[in-house]
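S.K.: pasted the sequence and its predicted model underneath.
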Amino acid sequence: MNTVITHSIFTDFDIDLFKAGKHFRLYEKLGAHMISLNGVQGVYFAVWAPSAHSVSVVGDFNFWQQHSHSLNVRWDSSGIWEGFIPNIEKGAIYKYKIQSSIDGVVTEKADPFAFFCEQPPKTASVVWDLDYDWNDTKWMQNRKESNSLNKPFSVYEMHLGSWKRHVEDNSFLSYQELALELVQYLKETGFTHVEFMPIMEYPYDPSWGYQLVGYFAPTSRFGNPQDLMYLIDKLHQEGIGVILDWVPSHFPDDAHGLGFFDGSNLFEHPDRRKGYHPDWKSLVFNYGRNEVRSFLISNALFWLQHYHADGLRVDAVASMLYLDYSRKEGEWEPNIYGGRENLDTISFLKEFNEAVYLNYEGVQTIAEESTSFPMVSRPTSIGGLGFGMKWMMGWMHDTLDYFKKDTIYRKYHQNELTFSMTYAFTENFMLPLSHDEVVYGKKSILGRMPGDEWQKFANLRLLYAYMFMHPGTKLLFMGGEFGQSSEWNFEKSLDWHLLEFSFHKGIKKIITDLNALYKSQPALYEKQFTPDGFEWINYSDHQNAVFSFIRKGNNHGDDLVVVCNFTPVLRENYSIGIPRSGTLQSIFNSDETIYGGSGVQNLNRMLIQSIPYDGRDYSVALILPPLSVIAFQIV
């Protein structure tokens, strides 16, 4: 007997917004919601399945029998099926059994709007709530200031499942355990933000979370939704921002997922040339379908609203923007203007960014976009896509290619480093040394460095110091901060035992000090996205593989002079031009013995001479330590 009571929490306005693609709070209506109806506790279910002939809720409460709890279809052609089932409680396990009107196809699906899921490999949804008493008021009130583009932004990118594991059985740390260990570690190392690789529910561990099924559910591998809220709450209480990886680019075709949901191409584009991703063997959202746009934008706002996320890093944007991405000739169709750009995607990304920035003050969106697509991080009002920042993939590839070269050959490749400054201010760039650079045979970042052991670590210190001195915000994948020597393995913990060795301790110390320097020196962040925050002193000393530049803040007195020596040769009496008279005060040296360096020092204060050099009226003669970055303030 059907014990579903006819009931709806949708208004006509909700339906109109949904059909128009403008309903950005769908999670308040679709899904499973614990409510009281006429004094009876139970759950209201609603699911979008316009091609369904019938939809039933099946679960542990009805022994998974298909027709015992059939939902009612709405009369307004919205394709929404709904109803109230009494006496179901929090923790109930369920799915939707959908009989399609297309060839009688039957699917059994997890709830696209479920707030919680069973732990994989189980695949059912779990009735849950989002109740939590937050204690991060101070952070949220100040977020607009601390999370803005003219403030330090140093991101620790991490995979929760392999940052640290229990030694006894290699099992995961829980969200609650991470709230103790991770928060303390980030405080100690000084990162301003942490970025979690996707924590939305995913079925397949080797996907690292980038093949999502439960878009509204944090993965149950580490605990329940309130446990994740507790972790983010604790991070906020210590002044650490939280960025979540978000994946609107594709989704897997698992039987319980979004694919072929109601026997039709509901979420995915029906044309395989636009709806299938050949690289990842996954399905691509139909960005031109209004209801799908509502689903995705609602999902983005959900994490900002209920989990207090401070930013969303959008994965694989390039794959979304181009119709011919990873497709051969004949495998894609040009847009109406004959071009290769996906116009539906462009429109969707603009609307997504507008919705985020309109509704949540102080958040940032960050695009992982690997091409030269214009104005990714420019406002939609002037034709941009509207992101706050964009990963500087060109800088990452050029820099790592340069650093892996034997130092004797670097004089022939200096343009690989200086080239980044020709386009550094065309976008609001974040400099990433990400997880993608330490897998699939690429070696660890340390493993790329040439030379003997001392030179490898000196090169790594040089790389990190150069990264922090270069304009743009920063991102470093976990393990890089102490010189992880092996490639990342998602199935086990980082090699924390390496911190028993002095060279690795030195890497952690230099990252800690660079984070502190970044936060304390306005010249390194106030104008990190504008050309008036950077000035070359000399970029043409290829023979010695040395270059020098000035970083500038809003105040003249905050200017920093930075000199980089990319060879292991000690250079004495090395002159550089200085723009004004005064004294150079040393504030940083990557060759300090405390970092594992040789300890070559300049005087703490050096008088600037009235001797013209490098086209300037003043100069100073320095000692350049081997494989080093040194920085000074003009006093």
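M.R.: Cool, got the structure.
S.K.: going by C-alpha atoms from here, please, whenever you check contacts or count neighbours.
M.R.: OK.
S.K.: quick one: the strands in the stretch 51-200 of the chain?
M.R.: Applying DSSP state E, counting those that start in this stretch to the stretch 51-200 of the chain gives strands spanning 52-59, 72-73, 80-86, 93-100, 106-109, 116-117, 125-126, 154-158, 193-196, 200-201.
S.K.: just how off-centre is stretch 453-470 within its chain?
M.R.: Put simply, stretch 453-470 sits 24 Å off its chain's centre (CA atoms, centre = their mean, to the nearest Å).
S.K.: now stretch 254-263: average pLDDT?
M.R.: The pLDDT scores in stretch 254-263 average 97.
S.K.: what's the span of it, first residue to last?
M.R.: This stretch, stretch 254-263, spans 14 Å end to end (CA to CA, to the nearest Å).
S.K.: show residues contacting that stretch.
M.R.: With contacts defined as CA atoms under 8 Å, 6 or more residues apart in numbering, stretch 254-263 is touched by 49-52, 98-102, 105-110, 112, 123, 213-214, 251-253, 265-268, 283.
S.K.: ok, back up a step: got CSV for the strands of the stretch 51-200 of the chain, with mean neighbour count and distance to residue 40 too?
M.R.: As requested, the strands of the stretch 51-200 of the chain are exported to CSV (neighbours: other CA atoms under 10 Å; distance: least, CA to CA, whole Å):
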stretch, mean neighbour count, distance to residue 40
strand 52-59, 23, 19
strand 72-73, 22, 19
strand 80-86, 24, 6
strand 93-100, 24, 20
strand 106-109, 21, 27
strand 116-117, 30, 23
strand 125-126, 26, 20
strand 154-158, 24, 44
strand 193-196, 24, 40
strand 200-201, 26, 31
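S.K.: which among the contacts of stretch 254-263 end up buried?
M.R.: Burial by neighbour count, 16 or more other CA atoms under 10 Å: within these this picks out 49-52, 98-101, 106-110, 112, 123, 213-214, 251-253, 265-268, 283.
S.K.: quick one: the strands in the stretch 451-600 of the chain?
M.R.: With DSSP E, counting those that start in this stretch as the criterion, the stretch 451-600 of the chain has strands spanning 473-477, 534-541, 546-551, 560-565, 571-578, 583-589.
S.K.: can you put these in JSON lines and add distance to residue 436, mean neighbour count and mean pLDDT?
M.R.: Output for those, formatted as JSON lines (distance: least, CA to CA, whole Å; neighbours: other CA atoms under 10 Å; pLDDT from 0 to 100):
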{"stretch": "strand 473-477", "distance to residue 436": "9", "mean neighbour count": "24", "mean pLDDT": "98"}
{"stretch": "strand 534-541", "distance to residue 436": "29", "mean neighbour count": "17", "mean pLDDT": "97"}
{"stretch": "strand 546-551", "distance to residue 436": "29", "mean neighbour count": "23", "mean pLDDT": "98"}
{"stretch": "strand 560-565", "distance to residue 436": "26", "mean neighbour count": "24", "mean pLDDT": "98"}
{"stretch": "strand 571-578", "distance to residue 436": "36", "mean neighbour count": "17", "mean pLDDT": "96"}
{"stretch": "strand 583-589", "distance to residue 436": "29", "mean neighbour count": "19", "mean pLDDT": "96"}
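S.K.: so which of the ones you listed gets nearest residue 189?
M.R.: strand 473-477 (12.0 Å; CA to CA).
S.K.: quick check: angle from that closest one to strand 154-158?
M.R.: Put simply, strand 473-477 runs at 20 degrees to strand 154-158, going by axes from the mean of the first three to the mean of the last three CA atoms, to 10 degrees.
S.K.: strand partners (parallel or antiparallel) of strand 473-477?
M.R.: With DSSP bridges as the test, strand 473-477 is paired with strand 154-158 (parallel), strand 429-433 (parallel).
S.K.: list of residues touching that strand?
M.R.: Counting by CA under 8 Å, 6+ apart, 152-158, 429-435, 467-468, 525, 528 sit against strand 473-477.
S.K.: that older thread, please render the strands of the stretch 51-200 of the chain as a markdown table that adds distance to residue 449 and mean pLDDT to the earlier fields.
M.R.: Output for the strands of the stretch 51-200 of the chain, formatted as a markdown table (distance: least, CA to CA, whole Å; pLDDT from 0 to 100):
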| stretch | distance to residue 449 | mean pLDDT |
| --- | --- | --- |
| strand 52-59 | 55 | 97 |
| strand 72-73 | 62 | 97 |
| strand 80-86 | 57 | 98 |
| strand 93-100 | 51 | 98 |
| strand 106-109 | 48 | 96 |
| strand 116-117 | 43 | 98 |
| strand 125-126 | 46 | 98 |
| strand 154-158 | 21 | 98 |
| strand 193-196 | 26 | 98 |
| strand 200-201 | 35 | 98 |
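S.K.: may I see these organised as CSV, with distance to residue 452 added?
M.R.: Converted to CSV, the strands of the stretch 51-200 of the chain look like this (distance: least, CA to CA, whole Å):
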stretch, distance to residue 452
strand 52-59, 61
strand 72-73, 70
strand 80-86, 65
strand 93-100, 57
strand 106-109, 55
strand 116-117, 49
strand 125-126, 53
strand 154-158, 28
strand 193-196, 33
strand 200-201, 42
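S.K.: of all the ones you listed, which one is nearest residue 480?
M.R.: Nearest of these to residue 480, taken as CA to CA: strand 154-158 at 9.5 Å.
S.K.: out of the strands paired with strand 473-477, nearest to residue 68?
M.R.: Among those, strand 154-158 sits nearest to residue 68 (CA to CA), with 44.3 Å.
S.K.: any idea how far residue 188 lies from residue 94?
M.R.: Taking CA to CA, one finds residue 188 at 43 Å from residue 94.
S.K.: scratch that, residue 226
M.R.: 20 Å.
S.K.: hmm, back to that, any idea which of the strands paired with strand 473-477 gets closest to residue 134?
M.R.: The closest of those to residue 134 is strand 154-158. By CA to CA, the value is 23.2 Å.
S.K.: which outside residues touch the closest one?
M.R.: Strand 154-158 is contacted by residues 191-197, 434-435, 473-478, 515 when judged by CA under 8 Å, 6+ apart.
S.K.: now with 7 Å?
M.R.: For strand 154-158, the external contacting residues (CA atoms under 7 Å, 6 or more residues apart in numbering) are 191-197, 473-478.
S.K.: now do the contacts for the residue lying closest to residue 550 once chain neighbours are set aside.
M.R.: Of all residues not flanking residue 550 in the chain, residue 561 sits nearest, at 4.6 Å (CA to CA, 6 or more residues apart in numbering). Neighbour list for residue 561: 549-551, 631-633 [criterion: CA under 7 Å, 6+ apart].
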